[in-house]
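In: Need a 3D model of the following:
(one chain, ligands or ions: 1)
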Amino acid sequence: MDHQQFAEGEVARIKQEGGDGIAINALSGGVDSSVVTVLAHRALGDRCKNIFVDNALMREGEPQQTVQIFADMGIPVELVDARKEFLDALKGLTDPEDKRNAVTDTFYRDVFAKCVRDSGATFLLHGTILTDIEETVDGIKRQHNILSQIGIDPEEEYGYKVLEPLKTLRKDGVREVAKAVGLPDEIAQRIPFPGPALATRIVGEVTEERVATVRAATGIVEEELGDSDAFQYMAVLLNDCATGIRGGKREFGQIIVVRSIDSIDARQATVREVPWETLHRISQRITEIPDVNRCLYDLTPKPPATIEYV
Ligand code: XMP
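Out: Residues are numbered from 1 along each chain as shown. Now for the predicted structure:
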C-alpha cells in the first residue's frame, strides 16, 4: 500500500475515533511512537497532548534530545519525570516478566493514568506494531504495550481507550510511513529501542547503579556501531561476575555483552559480522567502565535467542 495514503487514512481514523475528545500521546523517540506523534498532531493539533516519560531507563541525554527534535518540528512535547516511580517499582525484581509487568503497570496505572486525569484526556495513542502483538499473543514475550490483544480492557483496567494506528505494520513499514510523513532520517532510520528501555538489557535487578553501567556501555556501542547499517545493536549487563585484574589487584567484576544483529522485522535475526578491530576497540572502552572487567560478543541468532535479554 502507498505509505502516504496509509498515513492519511490513519489521520482520518484518529479524527473520527477521537471525536471532540482530548488525547494523550506517549512519545518514546523511537520510530513507532514518533510516527504516531506526527499522525496525531495532524489529526488533532493541540487536542493531542504529547508526553515523554523519563522512566530512568533511557539512554544518555535521550529525554531532552527527543523533546528538542519535536520542538524543532513545531510539535510540543512535555517531559514527565517519573524516574523514582519506575525505579521503586523495579526494586528487588529479577524475573523478566515481573520486570516487564512492573514497567507496564507503572507506566499505565500510575504515571499515565495521572497524566490522563490531569489533562482530561479520554484516549491514549500508542505505537504498537504488528510484531509486538504477534509475539505477545503467541506467548513468546509480553511486550509492555500490549493490552487488549491479551484480554486487558484498558478502559476498564486503566480508565481510558487506546488507539493504535500502526498495529497492522511491521518495522520496515513504519519506517516507510515515517519518511512519507516527513520525519527526519535521524528518526526514520533510528534503530529500535524497546519501551521498557534499558530494563530489557539488565539481567537481574534493575538499580540506578546498574542502569548507569549499561547506559555507559550502550553509549560506547552506539558510538562505535552507529555507522553500521545493522538492524539493531546494544549492550547488555549480565547478572553474574567474573574474576579479573585491575591495577594489579584481583577484582570480581561485571560482564557486558555486546549484540549486533541484522533483521527485517525483528521476528528473526542473524548476527552481524562486526570487524575484529571494532570489537577490540569496543571491548577496550567498555572495560574502562568502573567495575566492568569482561566484554563478550553474542553470536546467537533469533531464534533460539530473542533480540533483547529480558
Ligand atoms: P525480542 O527481544 O522480543 O525483540 O526478540 C524484538 C524487537 O522488539 C523490541 N522489543 C520491544 N519493544 N517493547 C517494545 O516497544 C517491548 O517490551 C519490547 N521488547 C523487545 C526489541 O528491541 C526488538 O527490536
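In: What is the burial count for residue 216?
Out: 18 (other Cβ atoms under 10 Å). All C-beta spots, glycine's among them, are computed from the backbone N, C-alpha and C.
In: need the strands for the chain, in chain order.
Out: 23-26, 48-54, 77-81, 123-125, 161-163, 232-246, 249-262, 270-271, 292-297 (DSSP state E).
In: Which one of those lies nearest to residue 189?
Out: strand 232-246 (11.9 Å; Cβ to Cβ).
In: Please tell me how far the nearest residue to residue 86 once chain neighbours are set aside sits from residue 80.
Out: Leaving aside its sequence neighbours, residue 86 sits nearest to residue 55 (Cβ to Cβ, 6 or more residues apart in numbering; 4.3 Å). Noted for residue 55: a distance of 9 Å to residue 80, by Cβ to Cβ, to the nearest Å.
In: These two: which has the busier surroundings?
Out: In this view residue 55 and residue 80 are compared by other Cβ under 10 Å, and residue 55 has more residues nearby, 26 against 18.
In: Is that one in contact with residue 83, as I believe?
Out: Yes. If you go by Cβ atoms under 8 Å, residue 55 and residue 83 touch, sitting 6.8 Å apart.
In: packing partners for the lowest-mean-pLDDT helix or strand in the chain?
Out: The weakest-scoring helix or strand in the chain, judged by mean pLDDT, DSSP states H and E, is helix 154-157 (a mean of 70). Contact here means 3 or more Cβ pairs under 8 Å, 6 or more residues apart in numbering; DSSP states H and E; on that basis helix 154-157 packs against strand 161-163.
In: Measure how far the strand it packs on is from the centre of its chain, please.
Out: In this view, strand 161-163 has its centroid 19 Å away from the chain centroid, taken as Cα atoms, centre = their mean, to the nearest Å.
In: likewise stretch 96-112?
Out: 14 Å.
In: Begin at 5 from now on, thanks
Out: I'll keep to 5 as the first residue from here, and by that count the last item is stretch 100-116.
In: can you pull the buried residues of that stretch?
Out: For stretch 100-116, burial by neighbour count (16 or more other Cβ atoms under 10 Å) applies to 100, 103, 104, 106, 107, 108, 110, 111, 112, 115, 116.
In: on that earlier part again, residues contacting the residue nearest to residue 90?
Out: 86, 87, 90, 107, 110, 111, 115, 201 (Cβ atoms under 8 Å, 6 or more residues apart in numbering).
In: can you pull the contacts of residue 67?
Out: Per Cβ under 8 Å, 6+ apart, neighbours of residue 67: 56, 58, 83.
In: 10 Å instead, please
Out: 32, 33, 56, 57, 58, 59, 60, 81, 83, 84, 85, 87 (Cβ atoms under 10 Å, 6 or more residues apart in numbering).
In: so which residue of the stretch 55-204 of the chain comes closest to the ligand?
Out: residue 198 (3.2 Å; Cβ to the nearest ligand atom).
In: what does the stretch 155-304 of the chain put close to the ligand?
Out: When proximity is defined by Cβ under 6 Å from any ligand atom, the stretch 155-304 of the chain lies next to the ligand at 196, 198, 199, 200, 204, 236, 270.
In: Near the closest residue to residue 270 other than its chain neighbours, how many other residues are there?
Out: With Cβ to Cβ, 6+ apart as the criterion, residue 270 has its nearest non-adjacent residue at 5.4 Å, and that residue is residue 135. Residue 135 has 16 neighbouring residues, counting by other Cβ under 10 Å.
In: Which pLDDT value belongs to residue 135?
Out: Per-residue confidence (pLDDT) for residue 135: 85.
In: Wait, it touches residue 271, no?
Out: Yes. Residue 135 is in contact with residue 271 according to Cβ atoms under 10 Å; the separation is 5.9 Å.
In: returning to what we had before: inside helices: which ones of the contacts of residue 59?
Out: 87, 90, 107 (DSSP state H).
In: any idea which of the residues you listed is closest to residue 7?
Out: residue 107 (30.7 Å).
In: who touches residue 193 in this structure?
Out: So residue 193 contacts 35, 179, 182, 183, 187, 233 (Cβ under 10 Å, 6+ apart).
In: residue contacts, residue 44?
Out: Residue 44 neighbours (Cβ under 10 Å, 6+ apart): 14-15, 18-19, 22, 27-29, 31, 37, 51-54, 79, 129, 167, 169.
In: Give me the buried subset of these.
Out: Looks like those have 14-15, 18, 22, 27-29, 31, 37, 51-54, 79, 129, 167, 169 buried, using 16+ other Cβ under 10 Å.
In: In CSV: the residues of the stretch 155-304 of the chain next to the ligand, plus pLDDT and distance to residue 254.
Out: CSV is the format used below for these (pLDDT from 0 to 100; distance: Cβ to Cβ, whole Å):
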residue, pLDDT, distance to residue 254
196, 89, 39
198, 90, 36
199, 86, 39
200, 92, 35
204, 96, 32
236, 97, 35
270, 86, 41
